[in-house]
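Trainee: below: sequence and its predicted model.
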Amino acid sequence: MTVGGLIALVDCNNFYVSCERVFQPELRGKPVVVLSNNDGCVIARSNEAKALGIAMGAPWHLHRKQFEAAGVIVRSSNYTLYGDMSSRVMSVLSTFTPDLEIYSIDEAFLGLSGLGLRLESHARALRAAVLRWTGIPVSVGIAPTKTLAKVANHAAKKDQKHGGVVLLLDEAAQDDALSKIELTDLWGVAGRLAARLRAIGIDAPLDLKRGDPRLIRERLGVVTARLALELRGVRCLDLERVTPDRKSIMASRSFGRPVTALTELREAVASYTARAAEKLRRQHLATASLMVFIETNRFKPDDAQHYAAWPVRLPVATSDSARLIGAALAGLAAIWRDGCRYKKAGVVLLDLHPAGAVQEGLFDKRDDARRVMLMRTVDRLNLRFGRDTVSFAAAGRRQRPWKLQRELLSSCYTTAWDGLLRV
DNA sequence: TCTGGGGTCCTAGGACCC
DNA sequence: TCTGGGGTCCTAGGACCC
């Protein structure tokens, strides 16, 4: 039943607020919120602030007067600090087990095989160590699957009586925890999916757990089917011990005020692109395509609305800031409209490759697929080459010669072709 | 003489997470 | 005057391949 051992989810409590409190102890015990860029909206709340009814994502300017009158203390976000605190927390965790997946800035999954009966005291020791060495309080949830570990962690946070640690080891305990939460408390269920679940008679987490897997797969897709299995204790999501390479890198910002001048937009896009390129180089990657986008204020329906994105394909993968900025600005020029009041701009780097493997022409995936297919065909079949055609024998049957469209083959593998033609 | 069908890729959009 | 900034995966449909 617990094949593969148990999984712990360690999650920092109100992480950004806790980071601020480490350096400003006077904030402890008081209602505190951390605001997003431009002090736009609430992105973290202390328990005391939650108790006042401050919602996640609440636009601050709508509530400022009311909440400040209630004594709420406000901090602007400081991502450099949070990133640094996160590394400290993760490095403490890594002293407890090498079996660690850093899931987000404030969460990690830990593999717990071989701890046996000392599980709970181990979890409490871990909690105490993180608090002692970093000043950050964490909650620990332990269960046979990631999804159930999330449920356990939710329970640990919700009820102080657990002392920050909840284990859901047997089905009775799991069902008890599941009976106390809503569909949208589950990892992977938000409003839309919850509505679709209710439409087929699944109103609560336990209904989902006990639902017909085939029906769920057919009506709601593979992700929800996996979720249902995970609730049953069947592990579908494994620990990702090695952090995979990023598949995209974005840099974007909302402006503090509306921007109409192209020169100003160019400055913003150039600086975002430079930031994205820095991230790219730090991760030893290069990009072969990017997208630039601009956006007006969607909360102002009276303004002329304009959202536009422009993809730019680069001839060669690169991490060079100047080349990327040039490409992004060319894209910007193509979409910018005179007279619009822009509120946000950004750049996304796509089609990322390891920097070391960068060579012109190697990153057209389609060409790469053709080359692989070609090589496989040569291996599998008895090929005979003519000047412009190739014929082959398969399963003892003679087949019509296939016309080769050599002109379709990109330069990156004409060498391979030349080799083949000499066979 | 055979003119179909299966596979893969790309893109956009949707949904979700922190 | 003021409403964040990142990411991931899945799906569907069309293009294109042989």
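Mentor: That came in fine, so what should we check first? Residues are numbered from 1 along each chain as shown, chains lettered A, B, ... in the order given.
Trainee: A:Gly163 contacts A:Arg124, correct?
Mentor: Yes: in this structure, A:Gly163 is within contact of A:Arg124 by C-beta atoms under 8 Å, at 7.2 Å. Just so you know, the C-beta spots here come from the backbone N, C-alpha and C atoms, and that holds for glycine as well.
Trainee: and the gap between A:Gly188 and DNA strand B?
Mentor: Distance of A:Gly188 to DNA strand B, computed by C-beta to the nearest atom of the strand, to the nearest Å: 5 Å.
Trainee: beta-bridge partners for the residue most central in space within chain A, please?
Mentor: Nearest to the mean C-alpha position of chain A, by C-alpha atoms, centre = their mean, lies A:Ser104 at 8.1 Å. Assessed by DSSP bridges, A:Ser104 has beta-bridge partners A:Glu107.
Trainee: and it, what pLDDT?
Mentor: For A:Ser104, the model assigns a pLDDT of 97.
Trainee: any idea how far A:Val10 is from it?
Mentor: According to C-beta to C-beta, to the nearest Å, A:Ser104 and A:Val10 sit 11 Å apart.
Trainee: next one: A:Phe293
Mentor: 36 Å.
Trainee: neighbour count: these two, which is higher?
Mentor: Taking neighbours as other C-beta atoms under 10 Å, A:Phe293 and A:Val10 compare with A:Val10 leading, 27 against 20.
Trainee: shouldn't the more buried one be within a helix?
Mentor: No: counting by DSSP: H, G, I helix; E, B strand; the rest coil, A:Val10 is not part of a helix but strand.
Trainee: where does pLDDT dip in the stretch 201-350 of chain A?
Mentor: In the predicted model of the stretch 201-350 of chain A, no residue satisfies pLDDT under 70.
Trainee: how about the helices in it?
Mentor: Secondary structure of the stretch 201-350 of chain A (DSSP state H, counting those that start in this stretch): helices at A:205-210, A:213-220, A:222-231, A:262-282, A:321-335.
Trainee: the fourth one - contacts with which helices or strands?
Mentor: Contact partners of helix A:262-282 among helices and strands, from 3 or more C-beta pairs under 8 Å, 6 or more residues apart in numbering; DSSP states H and E: strand A:249-259, strand A:285-296, helix A:321-335, strand A:342-354.
Trainee: enumerate the residues of the stretch 101-250 of chain A near DNA strand B.
Mentor: Contact residues (C-beta under 7 Å from any atom of the strand) of the stretch 101-250 of chain A with DNA strand B: A:103-107, A:150, A:186-194.
Trainee: can you rerun that using 10 Å?
Mentor: Residues of the stretch 101-250 of chain A lying close to DNA strand B by C-beta under 10 Å from any atom of the strand are A:103-107, A:150, A:153-154, A:183-197, A:220-221, A:223-224, A:227.
Trainee: just these that are near DNA strand C?
Mentor: The subset of these within reach of DNA strand C, by C-beta under 10 Å from any atom of the strand, is A:Ser104, A:Ile105, A:Leu220, A:Gly221, A:Val223, A:Thr224.
Trainee: from those residues, which would you call buried?
Mentor: Among these, those classed as buried by 16 or more other C-beta atoms under 10 Å are A:Ile105, A:Leu220, A:Thr224.
Trainee: against A:Pro311, how distant is the closest residue to A:Pro59 other than its chain neighbours?
Mentor: Distance criterion C-beta to C-beta, 6 or more residues apart in numbering; nearest residue to A:Pro59, sequence neighbours excluded, is A:Cys41 at 5.0 Å. A:Cys41 sits 29 Å away from A:Pro311, going by C-beta to C-beta.
Trainee: looking at the two, which one has more neighbours?
Mentor: In terms of neighbours (other C-beta under 10 Å), A:Cys41 is the more surrounded of A:Cys41 and A:Pro311; the figures are 18 against 13.
Trainee: can you give me the pLDDT of the more buried one?
Mentor: We have a pLDDT of 95 for A:Cys41.
Trainee: who touches it in this structure?
Mentor: Taking C-beta atoms under 8 Å, 6 or more residues apart in numbering as the criterion, A:Cys41 is in contact with A:Leu35, A:Gly57, A:Ala58, A:Pro59, A:Trp60.
Trainee: at 6 Å instead, please
Mentor: With contact set as C-beta atoms under 6 Å, 6 or more residues apart in numbering, A:Cys41 has these partners: A:Gly57, A:Pro59, A:Trp60.
Trainee: for those, which one is nearest A:Leu117?
Mentor: When the contacts of A:Cys41 are ranked by distance to A:Leu117 (C-beta to C-beta), A:Gly57 comes first, at 42.3 Å.
Trainee: and the stretch 1-150 of chain A, which of its residues are near DNA strand C?
Mentor: Within the stretch 1-150 of chain A, the residues that sit near DNA strand C (C-beta under 10 Å from any atom of the strand) are A:16, A:34-44, A:56-62, A:64, A:77, A:79, A:104-105.
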